[in-house]
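Engineer: Okay, sequence plus prediction incoming.
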Amino acid sequence: MIDLILMQALLAAVPILLASLGEILMERSGVVNIGLEGLMLLGAFSGPLFVDYLHYRLGVQLPDPLWPLAAFLAAALVGMAVGLVHGYISTYLAGDQIISGVAINLFAAGAVAYGIQAYWGVAGYKQVPDWAKADPLALAAFALVLAGFMWYVLFRSRLGVVIRACGEDPESAFNIGVDVNRVRLLATVVGSSLAALAGAYLSIAYLSVVTKEISAGRGFIALANVVFANWNPALAVAGAYIFGFFDALSYWLQTAGVARYEITRMIPYIATLLIVAGVIGRARPPRAVGKPFRRE
């Protein structure tokens, strides 16, 4: 039983980890994106929608292993498009990053609920066909490798120095020839695509359904995990796994009849709040995060 819970914890940790990695990249460059929840919703919806349209509406035939890849690609592109808008507002327009993130969440909540009804003709729930499903273990391995790669890039490469300089001291970075707003924009585009991939994982690999509430607060948990990890991709793995463990435990307690579903599903969120409350005050965010950079 313990082995099953630990394995389930790993699978439940993947969307939190992917979204956290995306946010770490964005915030290390100086941009806050609280729209992770919306990006996950859009990714979870756009991936299955794209492959469904190709397969059933256009009659495209692909080998079975390529369908999940096509879905993930579509989700990533949607995330990049949203990230481009958010990044442009946050950098070149010097807009309020919090308001822009809230707008992403509100837009996604409405667009996904309407899109499921408009395209599939069902009220908020659509099963993903078997030919479009992906192996969750393969995605878990990808997320872990990506965390290691991002840690190396941020803390052991020249590119990482540039990214972190834009989030810590953009004025100094600009003085040595770095285009701060361009770096921030690109980081936001890449980071947003990772959040959308986290959503696609939920619908294509983990839950195998598309619903209007599929993200279920995981985007906000990922934001909390960024603080817990102190903006470190390696520590984000631990934080995501902690949430995954309590998530898997809540399902086991429900199956065992220990408590009602409504009670057990509160466990991972309460645990996350308690853990984050313990590290707030000791975590040190990038000094210029959330602050637009204006050239003098």
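Structural biologist: Perfect, I can see it now.
Engineer: element containing residue 126, please.
Structural biologist: Element membership for residue 126, per DSSP states H and E: strand 125-127.
Engineer: Let me see the mean pLDDT of that strand.
Structural biologist: Strand 125-127 shows an average pLDDT of 90 in the prediction.
Engineer: what ranges do the helices span in this protein?
Structural biologist: The residue ranges that make up the helices of the chain, judged by DSSP state H, are 2-29, 36-52, 66-90, 97-115, 136-156, 158-168, 170-175, 180-201, 218-228, 233-255, 261-264, 267-279.
Engineer: ok so, going back, helices or strands next to the strand holding residue 126 in the packing?
Structural biologist: Strand 125-127 sits against strand 209-211, with contacts defined as 3 or more Cβ pairs under 8 Å, 6 or more residues apart in numbering; DSSP states H and E. Using the backbone N, CA and C atoms, a C-beta is placed for each residue, glycine as well.
Engineer: Adjacent strands (with direction) for the strand it packs on?
Structural biologist: strand 125-127 (antiparallel) (DSSP bridges).
Engineer: on that earlier part again, in the strand holding residue 126, what counts as buried?
Structural biologist: Residues residue 126 are the ones in strand 125-127 that count as buried (16 or more other Cβ atoms under 10 Å).
Engineer: how about the helices of the chain in a markdown table, adding distance to residue 286, mean neighbour count and mean pLDDT?
Structural biologist: Formatted as a markdown table, the helices of the chain follow (distance: least, Cβ to Cβ, whole Å; neighbours: other Cβ atoms under 10 Å; pLDDT from 0 to 100):
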| stretch | distance to residue 286 | mean neighbour count | mean pLDDT |
| --- | --- | --- | --- |
| helix 2-29 | 6 | 24 | 95 |
| helix 36-52 | 17 | 29 | 97 |
| helix 66-90 | 14 | 22 | 98 |
| helix 97-115 | 13 | 18 | 97 |
| helix 136-156 | 11 | 17 | 97 |
| helix 158-168 | 4 | 19 | 97 |
| helix 170-175 | 10 | 16 | 95 |
| helix 180-201 | 11 | 27 | 98 |
| helix 218-228 | 11 | 25 | 93 |
| helix 233-255 | 14 | 20 | 89 |
| helix 261-264 | 37 | 13 | 80 |
| helix 267-279 | 16 | 15 | 81 |
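Engineer: For residue 247, give its distance to residue 240.
Structural biologist: If you measure residue 247 against residue 240 using Cβ to Cβ, to the nearest Å, the figure is 10 Å.
Engineer: go on, residue 153?
Structural biologist: Counting by Cβ to Cβ, the separation of residue 153 from residue 240 is 19 Å.
Engineer: what do you get for residue 276?
Structural biologist: For residue 276, the distance to residue 240 (Cβ to Cβ) stands at 13 Å.
Engineer: now do residue 80
Structural biologist: Computed with Cβ to Cβ, the distance linking residue 80 and residue 240 is 22 Å.
Engineer: again, but for residue 210
Structural biologist: For residue 210, the distance to residue 240 equals 23 Å [Cβ to Cβ].
Engineer: next one: residue 163
Structural biologist: When distance is defined by Cβ to Cβ, residue 163 is 21 Å away from residue 240.
Engineer: Would you confirm that residue 50 contacts residue 69?
Structural biologist: No - in this structure, residue 50 sits apart from residue 69 without contact. The criterion is Cβ atoms under 8 Å, and the distance is 11.2 Å.
Engineer: shouldn't residue 46 be in contact with residue 74?
Structural biologist: Yes - here residue 46 reaches residue 74: they are 5.4 Å apart, a contact under Cβ under 8 Å.
Engineer: Let me have the helices of the chain in CSV, adding distance to residue 294 as columns.
Structural biologist: Compiled in CSV, the helices of the chain are given as follows (distance: least, Cβ to Cβ, whole Å):
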stretch, distance to residue 294
helix 2-29, 16
helix 36-52, 26
helix 66-90, 12
helix 97-115, 14
helix 136-156, 25
helix 158-168, 14
helix 170-175, 9
helix 180-201, 9
helix 218-228, 25
helix 233-255, 29
helix 261-264, 48
helix 267-279, 32
